[in-house]
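K.L.:
this one's structure only:
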């Protein structure tokens, strides 16, 4: 029996604009072309500022989660600030669009761990 595929959460970074538009567009295009199921949010920073309860729902469950956003430490802090700290373990991986190319992100999104 194969493992559950990872869930994918993609942050559009609409308000902070910390990630170059070209990087966001390339990653989003790759996700759309892959045919994978993914959830796209407008801006994790804004959601954390509002302490949006959806952040807790996003990290709940047992399936692996890959979050495409910015710096892992910032994403972890955002979830913590919203009252949804990351669980212990390595079930959640943050892929940084500020440092990785769209190709690197696509490769890591779909690789088996």
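P.N.:
Cool, got the structure. Quick caveat: nothing in here was measured; it's all calculated off a predicted structure. Residues are numbered from 1 along each chain as shown.

K.L.:
what residue lies at the spatial centre of this structure?
P.N.:
residue 67 (1.7 Å; C-alpha atoms, centre = their mean).

K.L.:
Tell me how far the helix or strand hosting that one lies from the chain's centre.
P.N.:
In the assignment (DSSP states H and E), residue 67 maps to strand 65-69. Centroid separation for strand 65-69 versus its chain: 2 Å, with C-alpha atoms, centre = their mean, to the nearest Å.

K.L.:
So for it, mean pLDDT?
P.N.:
What strand 65-69 shows for mean pLDDT is 97.

K.L.:
what sits up against it?
P.N.:
Contacts with strand 65-69, where a contact means C-beta atoms under 8 Å, 6 or more residues apart in numbering, come from 6-11, 13, 19, 27, 31, 44, 58-59, 75, 91-97, 105, 108-109. For the C-beta atoms, the positions are set from N, CA and C on the backbone; glycine is no exception.

K.L.:
Give me the subset of the residues you listed lying in helices.
P.N.:
When the contacts of strand 65-69 are checked against helices (DSSP state H), the matches are 27, 31, 44, 58, 59, 75, 105, 108, 109.

K.L.:
Now the two most distant members of those residues.
P.N.:
The distance between the two most remote of those (C-beta to C-beta) is 20.2 Å, for 27 and 59.

K.L.:
And the two? Which one has more around it.
P.N.:
Higher neighbour count among residue 27 and residue 59: residue 27, with 25 against 17, using other C-beta atoms under 10 Å.

K.L.:
May I have the secondary structure class of residue 61?
P.N.:
Here residue 61 is recorded as coil under DSSP: H, G, I helix; E, B strand; the rest coil.

K.L.:
That should have said residue 55, apologies.
P.N.:
Going by three-state DSSP: residue 55 is helix.

K.L.:
Can you tell me who the closest residue to residue 36 other than its chain neighbours pairs with across the strands?
P.N.:
Once flanking residues are discounted, residue 36 sits nearest to residue 8: 6.1 Å by C-beta to C-beta, 6 or more residues apart in numbering. Residue 8 has the following beta-bridge partners by DSSP bridges: residue 66.

K.L.:
All good on my end, thank you.
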